[in-house]
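Engineer: Predicted model and sequence follow; I will ask about them next.
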Amino acid sequence: MMIIFILLSVFAIAGAVGMISFYQPIHSALSFILTIIAIAGLFALLNATFLFAVQLIVYAGAVITLLLFIIMFLNIKDENLPDEKHRFLPMIGGAFFLIPLNLVVLKAFGDLDSRSLDILPVDFGSIGLIGSKLFTGWILPFELISILLLVALIGSIVLALRIKK
């Protein structure tokens, strides 16, 4: 079980690093798919079957397909991409900035005993718990995200139409 967790974690981190470091948008989107599938596997390890299914169906299926469709629809060529010679400098700076935080978190996890890690509630990942949390306390962010996705879709269509003219 621990080997699967470590393997999925490595895939999630490698996909995330690939997503921000690749030059081509299509390669970044494919790395994002790797990250989302690895996170779905982590949900499966937590016995959160509903979150696992939603992660695969909604995110890896619908959202990433839409993202890939928009990237291919825009047909971005190499000459249209910005010149990013020094794009790794902010990433390296951010990594050095986060090293002390990572050390504190690792020390905190090292101080925990294995019995205190069993903190998941019995109904973790169930449809009832997620639905009650989502549609009571998180209804405004839920609706704002749907509006944001709609605006992004309209914006990509406007950009595609402007490029054709």
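Structural biologist: It's in.
Engineer: quick one, phi/psi of Ser126?
Structural biologist: Backbone torsions for Ser126, taken as degrees, to the nearest 10, come to phi -80, psi 160.
Engineer: what sits against it?
Structural biologist: Phe50 (C-beta atoms under 8 Å, 6 or more residues apart in numbering). Every residue, glycine included, has its C-beta placed from N, CA and C.
Engineer: same for the lowest-mean-pLDDT helix or strand in the chain, what does it pack against?
Structural biologist: In the chain, no helix or strand scores lower on mean pLDDT, DSSP states H and E than helix 64-74, which sits at a mean of 79. With contacts defined as 3 or more C-beta pairs under 8 Å, 6 or more residues apart in numbering; DSSP states H and E, helix 64-74 has these neighbours: helix 25-45, helix 139-164.
Engineer: Tell me which residues of the shortest one come out buried.
Structural biologist: Neighbour counts over helix 25-45 (16 or more other C-beta atoms under 10 Å) mark 25, 28-44 as buried.
Engineer: who's in contact with that helix?
Structural biologist: Contacts for helix 25-45 (C-beta under 8 Å, 6+ apart): 1, 4-5, 8-9, 11-12, 14-20, 22, 51-52, 55-56, 59-60, 64, 67-68, 71-72, 76, 81, 125.
Engineer: What's the mean pLDDT across the helix or strand just after it?
Structural biologist: Later in the chain than helix 25-45, the nearest helix or strand by DSSP states H and E is helix 49-54. Here helix 49-54 scores 87 as its mean pLDDT.
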